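1. Compute the structure for the input listed below.
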Amino acid sequence: MFELVEPIATVTFSEVPTEAFLAIGMRNYWDGYFAGRAAPLGLAPAEVVHAVFYNFADGEVARHIPWVWGKTTPEEAIAVRERGSAAALRQMVGELPDSSGLVRVADLATRAAVSAPTEGRVLYAGLRALDVPEEPVARLWHAATLLREHRGDGHNAALVAHGIGGTEAHVLLALSVGMRPEEFGRIHHLPKAQLAAVVDGLRGRGLVDAAGGFTDAGRKTKERIEALTDELAAPAYDVLGADELDELVAGLEPIAAAVEAADD
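-> Take a look at the predicted model:
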């Protein structure tokens with residue numbers, strides 16, 4: 001489900017929604033990112049957004065929050081994000097929005113997306129408080145976003161339970177795909193000394209070896225976090241019967257594939 005939901009939800013970070021945010025006064029991609037994704041939290045200060053988003057380095061959120069709220073409101077940001085994301089998804093999937101099958105997929109995804117418990121899921125709870133769009137493509141994107149953020153909130157809980165901080169999580173992800181941390185896109189911009197200190201901390205805990213790669217303990221920790229993330233994400237789908245879940249998977253596959261094929 002992660003592999004099928006993630007491409008649909010993350011169209012929100014593509015060119016069309018970004019251009020929509022620039023049109024209302026955002027300075028760059030990251031202004032639109034933080035305005036759109038944080039909007040369900042209302043006018044929460046940077047410290048709260050940083051805590052909820054979890055994996056941004058210190059100070060990154062504060063470069064955008066609360067500045068963006070001088071240019072737009074959370075309500076407008078929610079609307080801009082929804083319109084831009086639906087337009088991007090519609091553009092990427094070609095003729096699929098005109099099919100009756102997409103309506104069914106959107107309905108099934110929405111049933112799952114609004115069924116999970118909200119306790120401890122701050123960003124998911126904020127999204128759950130929003131109205132569900134009526135238009136099928138927008139409804140599918142909204143459902144995918146709910147499911148993504150529900151999973152993300154659970155992932156943060158798994159990281160906390162294993163004592164892994166936000167930047168540390170990026171380092172472990174980089175190592176898991178065979179990259180050095182300083183090459184990894186989400187953290188390559190950090191000062192070298194800061195990144196080296198994070199790696200040294202992981203090395204001191206026995207998770208990274210002298211050469212900067214995974215130890216067995218580090219690899220097992222990463223695997224346990226991913227397994228717990230999956231386990232915590234599963235309850236969202238309990239509302240669907242086995243046949244309905246199969247139907248949802250089959251319906252999402254061509255949509256996710258079309259998005260990935262269109263993604264630059």
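2. Tell me which residue lies farthest from the centre of the chain.
-> What lies farthest from the middle of the chain is residue 210; by C-alpha atoms, centre = their mean that is 32.1 Å.
3. mind listing the helices for the stretch 51-200 of the chain?
-> Taking DSSP state H, counting those that start in this stretch to define them, one finds helices in the stretch 51-200 of the chain at 74-92, 100-113, 122-128, 136-161, 166-176, 192-204.
4. ok, now how distant is the residue nearest to the residue farthest from the centre of the chain when sequence neighbours are not counted from residue 213?
-> Spatial nearest neighbour of residue 210, excluding adjacent residues (C-beta to C-beta, 6 or more residues apart in numbering): residue 203 at 7.3 Å. Just so you know, the C-beta spots here come from the backbone N, C-alpha and C atoms, and that holds for glycine as well. Per C-beta to C-beta, to the nearest Å, residue 203 is found 10 Å from residue 213.
5. So for those two, which sits in the more crowded spot?
-> With neighbours defined as other C-beta atoms under 10 Å, residue 203 and residue 213 compare such that residue 203 has more, 16 against 12.
6. Model confidence at residue 99, what's the number?
-> Looking at residue 99, its pLDDT stands at 73.
7. For it, give its distance to residue 244.
-> Look at residue 99 and residue 244: by C-beta to C-beta, they are 18 Å apart.
8. What count of nearby residues applies to the nearest residue to residue 69 once chain neighbours are set aside?
-> Once flanking residues are discounted, residue 69 sits nearest to residue 43: 5.9 Å by C-beta to C-beta, 6+ apart. By other C-beta under 10 Å, 12 other residues sit near residue 43.
9. Surely residue 43 is within a helix?
-> No: checked against DSSP: H, G, I helix; E, B strand; the rest coil, residue 43 lies outside a helix; its state is coil.
10. Over to it: give its phi and psi.
-> phi -90, psi 50 (degrees, to the nearest 10).
11. Kindly provide the distance from the closest residue to residue 53 other than its chain neighbours to residue 122.
-> Spatial nearest neighbour of residue 53, chain neighbours left out: residue 61 (6.7 Å); criterion: C-beta to C-beta, 6+ apart. To residue 122, residue 61 is 14 Å away according to C-beta to C-beta.
12. And for residue 251?
-> 30 Å.
13. Those two: which has the busier surroundings?
-> Neighbours were counted for residue 251 and for residue 122 using other C-beta under 10 Å; residue 251 has more, 23 against 18.
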